[in-house]
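K.L.:
predicted model follows, preceded by the sequence.
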Amino acid sequence: MATKIAIPKELSKQKLIEAYKLMYTSRLLDKKMMKLLRLGKSFFHIGCMGHEAVQVAMGFNLVKKRDFLLPYYRDQAVCLSMGQSAKDCLLSFLAKADDPNSGGRQMPQHYGHKEHNILTSSSSTGTQFLHSLGCAFASVRDFAIKANSNTKKDYEVTVVCCGDGTTSQGDFHEALNWATREKAPVIFLVENNGYAISVPLKDQRPEGKVSTMAKGYGGLNLFEFDGCNFLQSYTELKKAVKLARDGKGPSLVDANVVRLMPHSSSDDDKKYRSKQELAKDLKRDPVILMSKFLLANKIVTKKALETIEKAVFDSVEAAADEALAAPMPKKESATTHVFSSKSEPKLIEPKINSQGQDIVLVDAINRALQEEMANNEKVLVFGEDVAGNKGGVFTATRGLTAKFGDNRCYNSPLAESSIVGV
């Protein structure tokens with residue numbers, strides 16, 4: 001990136017400087033968090049170092065507060081680029097009550113921010129894939145309800161992120177299968193640093209490549225590029241976002257990045273990586289490459305860059321001071337969002353369409369489904385063997401497809417995890 005290359009028109013000098021600020025902020029947050037960890041202020045850290053370029057490039061291609069992000073534990077920089085603040089990240093890391101994700105009740109690096117359409121992460125790696133698909137399906141159906149026959153497709157885009165190791169999970173393949181069948185507006189961003197904790201990619205994937213594994217899914221747009229290169233990442237991700245927004249199907253992005261630290265604060269990568277390999281990765285440090293690019297293309301002077309870095313450093317330090325001073329969660333909040341609220345929901349008793357005759361239970365279920373689908377166009381019936389004239393092995397959904405259309409009563413893939421997950 002040190003040499004001059006074509007810069008997209010929309011990436012002004014100010015935007016490129018903003019990109020560097022976000023990347024540098026994430027880098028300093030990782031370093032600050034490791035210091036706080038050593039001081040006993042937190043108990044675990046899993047960092048973003050080496051992933052910053054592709055993450056900020058992804059955020060720059062999305063529309064804030066319109067598009068959706070389902071991050072994984074390394075996605076600090078993309079969350080920052082979607083609008084989450086450094087203080088928000090630190091509040092979560094320190095398990096403070098004002099943590100916008102969970103009120104301090106999740107592990108560090110479990111990102112989420114409702115205001116910015118960042119859906120909360122789970123410790124069970126890979127569960128985000130099917131959740132992202134459900135999010136994308138909801139966006140398509142919401143658009144269809146609001147649109148008319150002449151409306152050009154302009155979907156909200158859902159991005160789900162993961163590392164290369166998580167592509168071994170079954171939910172990943174179930175999500176790819178259903179996403180391609182439905183042309184869902186979802187992007188699977190694989191931040192491929194070559195390691196699943198200590199397991200190298202060659203021990204996980206055929207030919208040691210994520211993109212090779214996914215070629216069998218018809219209709220899946222494939223992208224593979226250097227995720228340490230901000231401009232290349234931005235340009236390729238721009239294509240993937242347009243495909244999704246225009247209704248031209250999902251994309252699998254295989255972004256080659258580097259992991260510039262151990263898997264987590266509980267790991268020692270020197271036990272399974274050579275000094276030569278680690279030194280080679282350092283040469284691809286995206287933050288250093290981006291700074292060299294800005295200087296080589298005269299976006300900033302060396303003095304201006306130092307001023308920017310000093311300002312970012314001061315802002316991270318100030319955010320840390322504020323987060324450290326913030327209150328811890330109260331004991332009585334421990335079960336908030338774990339159990340249902342004590343207040344009973346207000347129930348509206350439906351008008352019963354009684355015909356004054358006894359019917360078998362399965363027919364009563366069918367009638368109830370028909371009445372509710374007629375009352376609320378957002379009610380859907382999907383699952384295994386539910387569509388068409390048959391209506392499942394017990395005929396509980398018989399006639400629903402004919403009456404309400406195959407966009408409201410339809411068969412899913414025969415995969416229970418998919419049905420529940422979406």
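P.N.:
That came in fine, so what should we check first?
K.L.:
closest to the centroid, which residue in the chain?
P.N.:
The residue lying closest to the centre of the chain (Cα atoms, centre = their mean) is residue 70, at 2.1 Å.
K.L.:
for this structure, longest helix please?
P.N.:
As assigned by DSSP state H, the longest helix anywhere in the chain is helix 13-38.
K.L.:
who touches whichever helix or strand comes after it?
P.N.:
On the C-terminal side of helix 13-38, the nearest following helix or strand under DSSP states H and E is helix 52-61. Applying Cβ atoms under 8 Å, 6 or more residues apart in numbering, the contact partners of helix 52-61 are 11, 15, 19, 22-23, 26-27, 48, 75-78, 80-82, 159, 161, 189, 191, 227-230, 233-234, 237-238, 241, 255, 257, 286-287, 289-290. Yep, even glycine has a C-beta here, placed from its N, CA and C like the rest.
K.L.:
tell me the contacts of residue 114?
P.N.:
residue 100.
K.L.:
distance check, it against residue 159.
P.N.:
For residue 114, the distance to residue 159 (Cβ to Cβ, to the nearest Å) stands at 16 Å.
K.L.:
where does the stretch 1-150 of the chain dip in pLDDT?
P.N.:
Applying pLDDT under 70 to the stretch 1-150 of the chain flags the ranges 1-5.
K.L.:
try 80 this time
P.N.:
1-5, 149 (pLDDT under 80).
K.L.:
please apply the same query to the stretch 251-400 of the chain.
P.N.:
Where the stretch 251-400 of the chain drops to pLDDT under 80, the residues are 337, 339-357.
K.L.:
where do the strands sit along it?
P.N.:
Ranges of strands within the stretch 251-400 of the chain are 251-256, 381-383, based on DSSP state E, counting those that start in this stretch.
K.L.:
who wins for proximity to residue 215 among the ones you listed?
P.N.:
Closest of these to residue 215 is strand 251-256, at 9.4 Å (criterion: Cβ to Cβ).
K.L.:
each with direction, which strands does that closest one pair with?
P.N.:
strand 186-192 (parallel), strand 221-226 (parallel) (DSSP bridges).
K.L.:
now the angle between helix 52-61 and the longest one, please.
P.N.:
Note on geometry: by axes from the mean of the first three to the mean of the last three Cα atoms, to 10 degrees, strand 186-192 and helix 52-61 are set 170 degrees apart in direction.
K.L.:
contacting residues around strand 186-192?
P.N.:
The contact list for strand 186-192 (Cβ under 8 Å, 6+ apart) reads 51, 54-55, 58, 74, 129, 132-133, 135-136, 157-164, 167, 172, 175-176, 179, 201, 210, 227, 237, 240-241, 244, 250-257.
K.L.:
if we use 6 Å, what do you get?
P.N.:
51, 132, 136, 158-164, 179, 210, 240, 244, 250-257 (Cβ atoms under 6 Å, 6 or more residues apart in numbering).
K.L.:
what mean pLDDT does that strand get?
P.N.:
In this model, strand 186-192 has an average pLDDT of 97.
K.L.:
what's the following helix or strand after it?
P.N.:
According to DSSP H and E, the helix or strand after strand 186-192 is strand 195-196.
K.L.:
ok, that next one: who's next to it in the sheet?
P.N.:
strand 199-200 (antiparallel).
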